[in-house]
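Engineer: Sequence and predicted structure below; questions after.
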Amino acid sequence: MKLLIDDLGSPVGTIAIVSDGQNLCAVDFRGFDDRMMGFLRKRFEGEVEVEQVRDPQGFTTALQRYFDGDFAAVDDLPVAPGGTPFQQRVWAALREIPSGTTKTYGQLAADLGNPAASRAVGLANSLNPIAIVVPCHRVIGANGTLTGYAGGLERKEWLLGHEGARSTTTNKQQMTLSFAQGQLE
C-alpha cells in the first residue's frame, strides 16, 4: 500500500501526518515512528510504502490551524483508522467530545452503552492511530487525573491546556520551550 506522509512542526514536537490519498490514516509524534508504522502495516495487512508529500489533502494545513487556535479545523477531516468494530465505535465517540472538555473512560463507556467497559475503552483509546484529530487526549481518569497517553503525558497536558480544558498556562509556556529545544521529543 502506498501512503502519503508529511511532517508538521508544532509546539509539541514534529508530527507525522499519513494519508491514503483520501483519508487520514495516522497522525503521530515523530519519535514513535516504529509504533505508527506497525499500526499501518497491521491496518493494511502487509508492506506499506510512504511517499513524502507536502500537505496531502490539506491535512497538514488543518492541523496547523488547530495549533493556531482553530480547534474546529480538524473536526470534519475524513479518517480511516482501521481497527476492530469496537475500536471504531470508541474512536468515533472520541470525535464527539468537544474541544475544551474532557470525559472519563467510564463516561465514554457509558456513552457506548456499556458502563462496565471502561478498561476496554481505555485499551481502544491507547491504540488510536490518529492523534489530535481523533482526540484521545480528552479522556481522563475517573478522579480527574491525566492518565496514559501514547505521545506522553506532557503532550496530553499541553493539548488540553491549548484547548482550554485545564489551566496550564505556565506549564504550556514551559513545555513549548522544552519542545522547541528538543527536550521532550
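Structural biologist: Yep, it's here. Numbering: from 1, shown residues only.
Engineer: Can you check which strand is longest in the protein?
Structural biologist: Assignment by DSSP state E gives strand 2-10 as the longest strand of the chain.
Engineer: Can you mark which positions in it are buried?
Structural biologist: 3-6, 8, 10 (16 or more other C-beta atoms under 10 Å). No exception for glycine: its C-beta is placed from N, CA and C like everyone else's.
Engineer: Format those as JSON lines; extra columns: distance to L146.
Structural biologist: Output for the buried residues of strand 2-10, formatted as JSON lines (distance: C-beta to C-beta, whole Å):
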{"residue": "L3", "distance to L146": "31"}
{"residue": "L4", "distance to L146": "32"}
{"residue": "I5", "distance to L146": "29"}
{"residue": "D6", "distance to L146": "29"}
{"residue": "L8", "distance to L146": "23"}
{"residue": "S10", "distance to L146": "19"}
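Engineer: Mind picking the one among these that's closest to A92?
Structural biologist: Compare each of the buried residues of strand 2-10 with A92 using C-beta to C-beta and the shortest gap goes to L3, at 21.9 Å.
Engineer: Okay, that closest one and G141: tell me how far apart.
Structural biologist: To G141, L3 is 34 Å away according to C-beta to C-beta, to the nearest Å.
Engineer: How about G38?
Structural biologist: For G38, the distance to G141 equals 26 Å [C-beta to C-beta].
Engineer: Phi, psi for L108 please.
Structural biologist: phi -60, psi -40 (degrees, to the nearest 10).
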